[in-house]
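[1] Predicted model, plus sequence, below.
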Amino acid sequence: MNTIEVRHLTRRFGAFVAVDDLTFDVGQGEIFGFLGANGAGKSTTIRMLCGLLRPSSGTARVGGIDVGSDPEAVKRRIGYMSQRFSLYEKLTVDQNIAFFGGIYGLSGDRLAARRAFALEMAGLRGREGALTGELAAGWRQRLSLGCAILHEPPIVFLDEPTGGVDPLSRRRFWRLIDELARGGTTVLVTTHYLDEAEHCHRVAIIQAGRLAALGTVPELKQVFAGRPILEIRAPRPVDAMRLLDTLPEVEKTSVFGTAVHAVLRSAETPPGEVAARLGSAGIAAECRVVAPSLEDVFLDVVERSA
Amino acid sequence: MRKLAAVVVKEFRQIGRDRRSLLILLFVPAFFLLIYGYALSFDIRNIPLAVEDRDRSSASREVVSAFVNSGYFDLVATIAGERDIDRLLDEGAARAVLVIPAGFGRDARTATPTSVQLVVNGDNANTATTVVGYAVALIAAVSARYEVEARLASPGGPLLRAETRVWYNPELRSTLFLVPGLIAYIAMLTAVVSTALSIVREKEAGTLEQVRMSPVGPLAYVVGKTVPYFVVSLASAVAIVGAAMLLFALPMRGSWPLLVGSVSLFLVGALAFGVLISTVAETQQVAFQLAVLTSYLPTFMLSGFIFPISSMPAALQLVTYAVPARYFLTVLRGIVLKGVGAAAFWRDLAALAIFAVVILSLASLRLRREWSASR
Ligand SMILES: Nc1ncnc2c1ncn2[C@@H]1O[C@H](COP(=O)(O)OP(=O)(O)OP(=O)(O)O)[C@@H](O)[C@H]1O
Ligand SMILES: [Mg+2]
């Protein structure tokens, strides 16, 4: 059975459609990633799934419960970490844990055990008395997660949990998510960082409220089957790009760091030919076929669904 | 219950952590009491007085000189008719006119009850009350002398009595009138403003959304959040009464339980009002402005604290019926200054209760809507 079942989920704000006819399922123990640009509708979707926001139309079942008809029952089964940092900054680490444990109705041994778990997880053992507002972002984020799952929910929604956190902390955070999922917890997580999507079992890309692509990362990369990607390194990348755009073999180009990526219309075109064309125009370029990255996929999907 | 306790504990910790706000909550009231107590003390001197002496006897002259010698009154005119009275008062040349009737001296000597008339400009009722108070005290003193003389002349004869008395505050200590107003004012400040701000702050910080995800219902959350402010406001109100008793010899004639009960009733309405504001405002700035406009200013201006209701334009007087502090002030003055029981002001208590119930229902209605899957 699927833990989360979303059918034609739609949310309007006035005339504006923030989430447009989303349909997808998430299985138990799965890490499901939600990718999308700013304003794509990620948070709005999560807030509907959490029972914080009423869907305009469509349905969503979370843990078998319809969020539209019984949001309170949904809330009891899930953990939620909102996009904004949401602990009490003026309270200490321990006081935050005590508060969130309290409002989830934990007490006695269970509270003590969960408190120890959260402190351990956040790496804050020995710093229980520190003011939360004075912790570095990475610790705060882990503590937020700890507080959001004190009640051991089987389903966890994380809205951009790693925003504004250094790469090392992000890595630590994802290890925690992996552990949760291995323990059977279903995790739905949104992110801007495409590299993080590699941690997800499946990824949904949403664009302007619509589901633009859905699948495992390798599945998503299949959009480039028969359309190889050439990585071109040239001293004057802008000139190279301008020329590439005129070639009939090239479908489109984009800047990738210091290199240019060119998507070819067919796998038949040898890379050497493109290099030669550039060479004859006086641009000494180095061309090679590269495997599509998730960023290639994202740009391609977004471009085509726009 | 445990969830509620968690919210209460957390809120107390937050208040405790926010030293500045706590200081404001606890000590500003006493500070206000000092400042307002001394600055607004309604002790008035050199009141311009006109006299119409229809008797021209030694007794009438004695009354006039008692007024002038008191230091409170300056004799600015002697007049000869009603028309002059109106003119002098209208022009503001005199604030009070003393009219001594013909035959006053004879009556005084023969110990026949008699009276003098004092016409006071009432545009500022506080001043007027004070003026009347001085006049009554002076006349009582003169009268007392005649009374003694008359008794000596004919023992058992009729007594000369001053007709008017200033009740409840015989020494006319104006500061005492301020204390109930201050309690209302401070209760409003702490209850409405801090409750509204503390909830909206959680909205802004995103912690409210996190709390909404938990099984804490809106009721437990709001009760838990307001209980600490209730306690602080109540403590602050009791502290003001205590401070006023020490500093200004406030009598506190009534019963403490009645006082605490009335303050509590008023606070429930005020806290609910703070919650109501928090459901409307999305930012602390808006919440603050709303709170000031809708509660704190009316409490200051329209409750009878500073400006007496009786001297307001009729339309404004109507508005004051919607200001809970109006009723609260009556209740407090009754308890603290008069020492009367609930029977004397049950109407005002009922008005406070109605206010509390109406605002509570409105607040919980709006809160419930905001809490469950919102907008
Ligand atoms: N309460 C609201 N009222 C009106 N419009 C809203 C509301 N909430 C969100 N929106 C709009 O809906 C769109 C989607 O917002 P949402 O927050 O879901 O995007 P997002 O994918 O989470 O973006 P980000 O990456 O910036 O967090 C945005 O254009 C936003 O302005
Ligand atoms: Mg978002």
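    Sure, I can see it. Ligands and ions are numbered 1, 2, ... in the order given.
[2] part of a strand, is B:Asp348?
    No - assigned with DSSP: H, G, I helix; E, B strand; the rest coil, B:Asp348 falls outside any strand and is helix.
[3] Mind checking what helix or strand follows the worst-scoring helix or strand of chain B on mean pLDDT in sequence?
    The least trusted helix or strand in chain B, going by mean pLDDT, DSSP states H and E, turns out to be helix B:19-39, with a mean of 68. Once helix B:19-39 ends, the next helix or strand along the chain (criterion: DSSP states H and E) is strand B:47-53.
[4] The stretch 201-350 of chain B: helices as residue ranges?
    All helices of the stretch 201-350 of chain B, identified by DSSP state H, counting those that start in this stretch, fall at B:207-212, B:218-248, B:256-280, B:284-291, B:297-301, B:314-320, B:324-332, B:346-371.
[5] list the helices and strands the third one packs on?
    Contact here means 3 or more CB pairs under 8 Å, 6 or more residues apart in numbering or on different chains; DSSP states H and E; on that basis helix B:256-280 packs against helix B:174-188, helix B:195-205, helix B:218-248, helix B:284-291, helix B:324-332, helix B:346-371. In this view, the C-beta of every residue, glycine as well, is placed from N, C-alpha and C.
[6] got the angle for it vs helix B:346-371?
    Computed by axes from the mean of the first three to the mean of the last three CA atoms, to 10 degrees, the angle separating helix B:256-280 from helix B:346-371 equals 30 degrees.
[7] and the residue in chain B positioned nearest to chain A, what element?
    Proximity of chain B to chain A (CB to the nearest CB) peaks at B:Ala6, 2.3 Å away. With elements taken from DSSP H and E, the one containing B:Ala6 is helix B:2-17.
[8] So B:Asp55: helix, strand or coil?
    B:Asp55 - assigned by three-state DSSP - is coil.
[9] Kindly report the same for A:Val203.
    Going by three-state DSSP: A:Val203 is strand.
[10] got a pLDDT number for it?
    Looking at A:Val203, its pLDDT reads 94.
[11] One more: B:Ala353?
    Taking B:Ala353 on its own, its pLDDT is 95.
[12] Distance of it relative to A:His201?
    Distance, B:Ala353 to A:His201, using CB to CB, to the nearest Å: 59 Å.
[13] what do you get for A:Gly36?
    Counting by CB to CB, the gap from A:Gly36 to A:His201 is 18 Å.
[14] Can you name the helix or strand that A:Thr59 falls in?
    strand A:57-62.
[15] Now that strand: buried residues?
    By 16 or more other CB atoms under 10 Å in any protein chain shown, the buried positions in strand A:57-62 come out as A:Gly58, A:Ala60, A:Arg61, A:Val62.
[16] Averaged pLDDT, the helix or strand just after that strand. What do you get?
    Once the chain leaves strand A:57-62, the next helix or strand it forms, by DSSP H and E, is strand A:65-66. Averaged over strand A:65-66, pLDDT sits at 93.
[17] and if you look at stretch B:108-116?
    78.
[18] Any idea how far apart the tips of that stretch sit?
    11 Å (CA to CA, to the nearest Å).
[19] Now find how far off-centre it is within its chain.
    Here the centre of stretch B:108-116 is set off from its chain's centre by 37 Å, with CA atoms, centre = their mean, to the nearest Å.
[20] again with stretch A:147-155
    19 Å.
[21] Can that stretch be said to contact chain B?
    Yes - counting by CB under 8 Å from any CB of the partner chain, contacts between stretch A:147-155 and chain B involve A:Cys147, A:Ala148.
[22] Map the structural domains onto the sequence of chain B.
    B:2-41+B:173-374, B:47-153 (automatic domain parsing).
[23] Can you add distance to A:Val255 and give those back as JSON lines?
    Output for those, formatted as JSON lines (distance: least, CB to CB, whole Å):
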{"stretch": "domain B:2-41+B:173-374", "distance to A:Val255": "35"}
{"stretch": "domain B:47-153", "distance to A:Val255": "77"}
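[24] and those, which one's lowest on average pLDDT?
    domain B:47-153 (a mean of 79).
[25] isn't B:Ala356 right up against B:Ala272?
    Yes - using CB atoms under 8 Å, B:Ala356 is in contact with B:Ala272, at 6.4 Å.
[26] between those two, which one's more packed in?
    Using other CB atoms under 10 Å in any protein chain shown as the criterion, B:Ala356 and B:Ala272 rank with B:Ala272 on top: 26 against 21.
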